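Enquirer: coords below, sequence missing:
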């Protein structure tokens, strides 16, 4: 862990969990990533492997600067040193801001990892006011889950049953992916995320039980003043007891207890996009109220223009076939 860097991230106005060294350590466990670098005072950069020894670089929800001309120039100067060592084709950035000026050499892309549109719940309100601003159906489903006897448990990574809990969560995820036509990761991805971030009390896995059966679960992160609903899963049985609603309410209350000011639902469909792949999950998230927030589009900078052009063709063809 890089404590000096993490202190900087925590103090930065734009600092977020994706720029912490803990997040970098988590990225190291993912085979097709496996390495990250920190550019002091600017940003954490993760390497993504490509065939033939090439790679590309990603500064998740960064860099942590105002992107003034001299700042982006200094940032690029340092990133280019990394790019040379890693044979990187391009750099991707997606700062946590609603807008920023055009940057020389950068182009907007529509296939970034971070959502452009999300839903933010204000946690500085009282619990009563948070409930009051929800849609009526959201409050009703929370009460229903409680009435039906749904029990929510948080799983500690040090618990002997942690590995089994991850497998259970992943099995629920597979049911969710099949039902909602999403794609996910292998079980090790979620295990490493909860274990590495959880060791620093930055992440929790919650499971919902009904009649001694685990029927749903969520993974939530906590950093600075923000909690993020990262992953959610629910099985195909006992859907009528509305366990996902009680899971969210439990995490929201935990975030308030920790002093978080916002709860980020991490991605919704743009307004009016009824046929968007996220339309169903957006309907679920909006039952909790909150405010819709949009971020500036993802941008990329090519170090090797020809290779980058070929990569974009490859990416375009994957998107045409429904792949990311």
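Expert: Here it is on my side, so go on. It should be emphasised that the depicted structure is a prediction, and the values quoted were computed from it without experimental measurement. Numbering: from 1, shown residues only.
Enquirer: helix, strand or coil for residue 260?
Expert: coil (DSSP: H, G, I helix; E, B strand; the rest coil).
Enquirer: ok, it - contacts?
Expert: Going by CB atoms under 8 Å, 6 or more residues apart in numbering, residue 260 touches 123, 222, 225, 226, 227. C-beta: built from backbone N, CA, C; applies to glycine.
Enquirer: How about it, nearest residue that isn't a chain neighbour?
Expert: Distances taken as CB to CB, 6 or more residues apart in numbering put residue 227 closest to residue 260, at 4.6 Å, once the chain neighbours are dropped.
Enquirer: Mind checking what secondary structure the one you found has?
Expert: Quick answer, by three-state DSSP: residue 227 is strand.
Enquirer: Please identify, among the contacts of residue 260, the one with the most neighbours.
Expert: residue 227 (25 neighbours; other CB atoms under 10 Å).
Enquirer: Could I get the full set of helices for the protein?
Expert: Using DSSP state H, the helices of the chain run over residues 3-11, 21-28, 69-86, 127-133, 136-148, 162-180, 187-198, 243-257, 279-286, 305-320.
Enquirer: weakest of those in terms of mean pLDDT?
Expert: Here the helices of the chain differ in mean pLDDT, and the lowest is helix 305-320 at a mean of 87.
Enquirer: Only the buried residues of that helix, if you could.
Expert: 307, 308, 311, 312 (16 or more other CB atoms under 10 Å).
Enquirer: hang on, the earlier thing: go through the contacts of residue 260 and say which is closest to residue 259.
Expert: Checking the contacts of residue 260 against residue 259 by CB to CB gives residue 225 as the nearest, at 7.2 Å.
Enquirer: center of this protein, which residue is that?
Expert: For the chain, the residue nearest the mean C-alpha position is residue 230 (5.0 Å; CA atoms, centre = their mean).
Enquirer: Touching, that residue and residue 219? I think so.
Expert: Yes: with contact defined as CB atoms under 8 Å, residue 230 and residue 219 form a contacting pair (4.8 Å).
Enquirer: Common neighbours of these two, please.
Expert: With CB under 8 Å, 6+ apart, residue 230 and residue 219 have common neighbours 193, 203.
Enquirer: Look up the closest residue to residue 71, ignoring the ones flanking it.
Expert: Per CB to CB, 6+ apart, closest to residue 71 is residue 65, 4.4 Å.
Enquirer: The one you found contacts residue 76, correct?
Expert: No: counting by CB under 8 Å, residue 76 is not a contact partner of residue 65; they are 11.5 Å apart.
Enquirer: Need the per-residue pLDDT for the closest residue in space to residue 291 that isn't next to it in sequence.
Expert: In this structure, residue 291 finds its nearest non-sequential neighbour in residue 120, 5.2 Å apart by CB to CB, 6+ apart. Predicted confidence (pLDDT) for residue 120: 98.
Enquirer: what about residue 120, how many neighbours?
Expert: 16.
Enquirer: Could you spell out which stretches of the protein belong to which domain?
Expert: 3-114+296-320, 117-293 (automatic domain parsing).
Enquirer: Longest strand in the chain, please.
Expert: With residue count as the measure and DSSP state E as the assignment, the chain has strand 213-223 as its longest strand.
Enquirer: Quick check: beta-bridge partners of the residue nearest to residue 291?
Expert: residue 264, residue 291 (DSSP bridges).
Enquirer: check contacts around it.
Expert: 262, 263, 264, 265, 290, 291, 292, 293.
Enquirer: how close does it get to residue 21?
Expert: Per CB to CB, to the nearest Å, residue 120 is found 25 Å from residue 21.
Enquirer: swap in residue 70?
Expert: Distance of residue 70 to residue 21, given as CB to CB: 26 Å.
Enquirer: Now which of the contacts of residue 120 would you call buried?
Expert: For those, buried by 16+ other CB under 10 Å: 262, 263, 264, 265, 290.
Enquirer: Identify, from these, the entry nearest to residue 213.
Expert: Using CB to CB, those come closest to residue 213 at residue 265, 26.3 Å.
Enquirer: check contacts around the closest one.
Expert: By CB under 8 Å, 6+ apart, the residues touching residue 265 are 118, 119, 120, 121, 229, 285, 288, 290.
Enquirer: can I assume the second one is in contact with residue 287?
Expert: By that I understand residue 119. No: using CB under 8 Å as the test, residue 119 is too far from residue 287 to be in contact (10.3 Å).
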